[in-house]
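> Turn this into a model:
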Amino acid sequence: MRHMKNSFDVLLVEDDLGDAGLVRIAVNGGSHACKLHHVKTGNDAISFLRRASEEWERAPRPDLVLLDLNLPGRSGHEVLADVKNDPSLWHIPVVVLSTSQAERDVLKSYELGANSFVTKPMEVDAFTSAIHAIENYWFDVAQLPV
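Numbers count the residues shown, from 1 in each chain. Presented below is the predicted three-dimensional model:
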């Protein structure tokens, strides 16, 4: 393992409770000790990341953000732009995790600074495998900033 950390904080920005539950199950069954923090809206994601409200004033700085694109209010692309344009946040890896396979969504995500774009598999085992692959890459292979 490349990192000296014993556990990782992951922020999941997902309004679909079914998908959020699948991510939670996958993370809990993965090979890394992760604390999953879940918010349902883009506005809550930014508040969490900036510790901009009483609810999030003690929020940890996540090691990884899993970001859905189709969110109520502020879209995933808007959240991504905010994160990557904020000098205190831009270094946090953001993986777009979306049902979209549209080339325009993929291209726009990378243009805005996404570190990766993963289309959510429809089958549960494939979904779980995708989450484990994301964890393995970001927590075993990639060198994260301290």
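
> Centroid-nearest residue for this protein?
Centroid-nearest residue in the chain, with Cα atoms, centre = their mean: residue 66, separated by 1.3 Å.

> how about that residue, phi and psi?
For residue 66, the backbone dihedrals (degrees, to the nearest 10) come out as phi -100, psi 120.

> That one and residue 11 touch, don't they?
Yes - here residue 66 reaches residue 11: they are 7.1 Å apart, a contact under Cβ atoms under 8 Å. (Glycine included, C-beta is placed from N, CA and C.)

> can you pull the contacts of the residue nearest to the centre of the chain?
Contacts here follow Cβ atoms under 8 Å, 6 or more residues apart in numbering; on that basis residue 66 touches 10, 11, 12, 13, 14, 23, 95, 97, 134.

> likewise residue 76?
Taking Cβ under 8 Å, 6+ apart, one finds 13, 42, 67, 68, 69, 70, 96, 98, 109 in contact with residue 76.

> Can I get the buried part of those residues as one ChimeraX selection?
Applying 16 or more other Cβ atoms under 10 Å to these, the buried members can be selected in ChimeraX as follows:
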select :13,42,67,68,69,96,98,109
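
> I'm done for today, thanks for sticking with me.
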